[in-house]
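Engineer: need a structure here:
(one chain, ligands or ions: 2)
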Amino acid sequence: MVREKGFWKRERVDEALYRLLKKIKALETEDVSVYNLQGRVLAEDIVAGFDVPKFNRAAMDGYAVKAEDTFGASVSNPIMLQLAGSVEIGEVPKVVVESGMAVRIMTGAMMPEGTNAVVMLEHTRLNGNFVEVLKSVTPMKNVSRVGEDIAAGEVVFRKGEILQPQDAGVIASLGIESVRVYRKPRVAVITTGNELAEVGEPLEGAKIYNSNNPMICNALLEFGFEAISLGIARDDEEELRNKLQKALEFDAAVITGGTSVGAKDLVPDVVGEFGEIVFHGVSMKPGMPTGAAVVEGKPVFMLPGSPAAALLGFYTFAIPALYRMMNVRIIARKWSRQKGVLQGRIPSEIGVRSNVRVLWEDGKVYPIRISGSGILSSFVRANALLVVPEDKEGYEEGEEVEVTLLRDVTEVFE
Ligand SMILES: Nc1nc2c(c(=O)[nH]1)N[C@H]1C(S)=C(S)[C@@H](COP(=O)(O)OP(=O)(O)OC[C@H]3O[C@@H](n4cnc5c(N)ncnc54)[C@H](O)[C@@H]3O)O[C@H]1N2
Ligand code: MOO
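Structural biologist: Ligands and ions are numbered 1, 2, ... in the order given. Next comes the predicted model:
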């Protein structure tokens, strides 16, 4: 059957997309190793089973001391403490420190019993068996305390997060080997047209090379989806049916070409035999003849053959629909620049470029309080980076700043 009826009724893009998304369900979930989580959508909340760090540990190289022993120490008034040994990193310290003693310690090592602060190496002088303390420390100074990064019982990640390298780091630090994520859609790509030749074949007469298929496969890879090229279907109903049947073994299908009103534009009719056409014809340029169907719950995208229209149709409809299959809507993309009003002052040292981790939410930018280099959770509590350049002394509360997103900002469907 040839339609040759034109697009008198064209639907708005957002309405067409809304109706399509309502008809798509999430795929099933699977357990994936912490080594392979990049870009996967979390299907469960993750709760910390224990405190991170699990023990008080040194945050600087230097000497573990009782802070009270150092009170009043200065360069002009050094306080002498007796060197009582050293703590090896990764080992439970054997020394018990009493008043008047200091123990050599490295960043990350467990604080020995009896100590409550670390004097940085730069603020000491070794003198035989004695350590001269040149600067006093307050209790817990240069100590990373139990649960400072993550507290036991805390919900560290919520379902619907698109996982990033820092998340894998935090998940591993909690001793979790694998997590439940949505399966990634596997998408079949068919390009239609009698004029198409596959790259590698000779180009004869009025033929052109099939550029849409590699383009769409790469666009799928760009977002981490699996692409399966089913090659070219000639403008023949039977051939289209066969290819579509094969495509339906996967989770979704993208077909380009044959969506318009010409005598050879068979795609909507053939797809319509298999399932429900949700829309066909949208008020968008280029891409007016774009359509989508749902067949056995699987989306089938009918993109125009014109390459630029095909790619725009793909980004506009296929990307949101494929993320819908992983139960999320993306509100803002990773690495995008966003504006927001700063909710706290951010000081920065002149001459140093400060990478301040912040939370960007509803047009507001919140500085993340704990952001030392050892605190990986700061990269999870934050979703954006505010760079203070070398020549700036920071930003004031209330200033409008521009941040770079460190993760996709998402919303869950179910
Ligand atoms: N009378 C009308 N004619 C057309 C209309 C219309 O409303 N009324 N719409 C136009 C618009 S807008 C577009 S877009 C195109 C889309 O047509 P189709 O989706 O049917 O695409 P084809 O006719 O198959 O091809 C269009 C164009 O793209 C080239 N093509 C196709 N496949 C590939 C491929 N895999 N790689 C590279 N290039 C490809 C094809 O050779 C054509 O040049 O229709 C207008 N016509
Ligand atoms: O609407 Mo078509 O502009 O050429 O895709």
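Engineer: got the residues of the stretch 251-400 of the chain near ligand 2?
Structural biologist: 285, 286, 287, 288, 304, 306, 309 (C-beta under 6 Å from any ligand atom). All C-beta atoms are positioned from the backbone trio N, CA, C, and that covers glycine.
Engineer: Filter the residues you listed down to just the buried residues.
Structural biologist: Buried by 16 or more other C-beta atoms under 10 Å: 287, 288, 304, 306, 309, out of those.
Engineer: Now narrow those residues to whatever sits close to ligand 1.
Structural biologist: The overlap between those and the neighbours of ligand 1 (C-beta under 6 Å from any ligand atom) comes to 288, 304, 306, 309.
Engineer: The first one is in contact with residue 11, isn't it?
Structural biologist: No: here residue 288 does not reach residue 11: they are 10.7 Å apart, not a contact under C-beta atoms under 8 Å.
Engineer: list residues touching both of these two?
Structural biologist: 281, 282 (C-beta atoms under 8 Å, 6 or more residues apart in numbering).
Engineer: just to revisit the earlier point, can you lay out the residues of the stretch 251-400 of the chain next to ligand 2 as a markdown table showing pLDDT and secondary structure?
Structural biologist: As requested, these are exported to a markdown table (pLDDT from 0 to 100; DSSP: H, G, I helix; E, B strand; the rest coil):
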| residue | pLDDT | secondary structure |
| --- | --- | --- |
| 285 | 93 | coil |
| 286 | 94 | coil |
| 287 | 93 | coil |
| 288 | 92 | coil |
| 304 | 96 | coil |
| 306 | 95 | coil |
| 309 | 96 | helix |
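Engineer: following the lowest-mean-pLDDT helix or strand in the chain, which helix or strand comes up?
Structural biologist: Least confident helix or strand, the chain: helix 378-381 with a mean of 87, by mean pLDDT, DSSP states H and E. Moving toward the C-terminus from helix 378-381, the next helix or strand (DSSP states H and E) is strand 384-388.
Engineer: Mind listing residues that contact the very next helix or strand once past that following strand?
Structural biologist: Moving toward the C-terminus from strand 384-388, the next helix or strand (DSSP H and E) is strand 394-395. For strand 394-395, the surrounding residues in contact (C-beta under 8 Å, 6+ apart) are 342, 345, 346, 347, 348, 354, 386, 388, 401.
Engineer: In TSV, list those along with secondary structure and neighbour count.
Structural biologist: Putting the contacts of strand 394-395 into TSV (DSSP: H, G, I helix; E, B strand; the rest coil; neighbours: other C-beta atoms under 10 Å) gives the following:
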residue	secondary structure	neighbour count
342	strand	22
345	coil	12
346	strand	20
347	strand	12
348	coil	19
354	strand	17
386	strand	23
388	strand	20
401	strand	20
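Engineer: of those residues, closest to ligand 2?
Structural biologist: residue 401 (39.0 Å; C-beta to the nearest ligand atom).
Engineer: Not counting sequence-adjacent ones, nearest residue to the closest one?
Structural biologist: Nearest non-adjacent residue to residue 401, counting by C-beta to C-beta, 6 or more residues apart in numbering: residue 342, 5.3 Å away.
Engineer: picking up where we left off before, now the residues of the stretch 251-400 of the chain next to ligand 2 as a markdown table including distance to residue 382?
Structural biologist: Shown next, in a markdown table, are those (distance: C-beta to C-beta, whole Å):
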| residue | distance to residue 382 |
| --- | --- |
| 285 | 39 |
| 286 | 39 |
| 287 | 37 |
| 288 | 42 |
| 304 | 41 |
| 306 | 42 |
| 309 | 39 |
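Engineer: show me what contacts residue 187?
Structural biologist: 220, 225, 226, 227, 228, 250, 251, 252, 253, 254, 318, 322.
Engineer: Repeat that for residue 329.
Structural biologist: 320, 323, 410, 411, 412, 413.
Engineer: Kindly report the same for residue 95.
Structural biologist: Listed by C-beta under 8 Å, 6+ apart, the contact set of residue 95 reads 84, 85, 87, 103, 112, 113.
Engineer: cool, residue 366 as well?
Structural biologist: 343, 344, 358, 359.
Engineer: out of those, which are inside helices?
Structural biologist: Among the contacts of residue 366, no member is found in helices (DSSP state H).
Engineer: Going by neighbour count, which of the residues you listed comes out on top?
Structural biologist: residue 358 (27 neighbours; other C-beta atoms under 10 Å).
Engineer: can you pull up the bridge partners for it?
Structural biologist: Each beta-bridge partner of residue 358 is listed here, defined by DSSP bridges: residue 367, residue 384.
Engineer: That one reaches residue 403, doesn't it?
Structural biologist: Yes: here residue 358 lies in contact with residue 403, judged by C-beta under 8 Å, at a distance of 5.8 Å.
Engineer: Okay then, goodbye and thanks.
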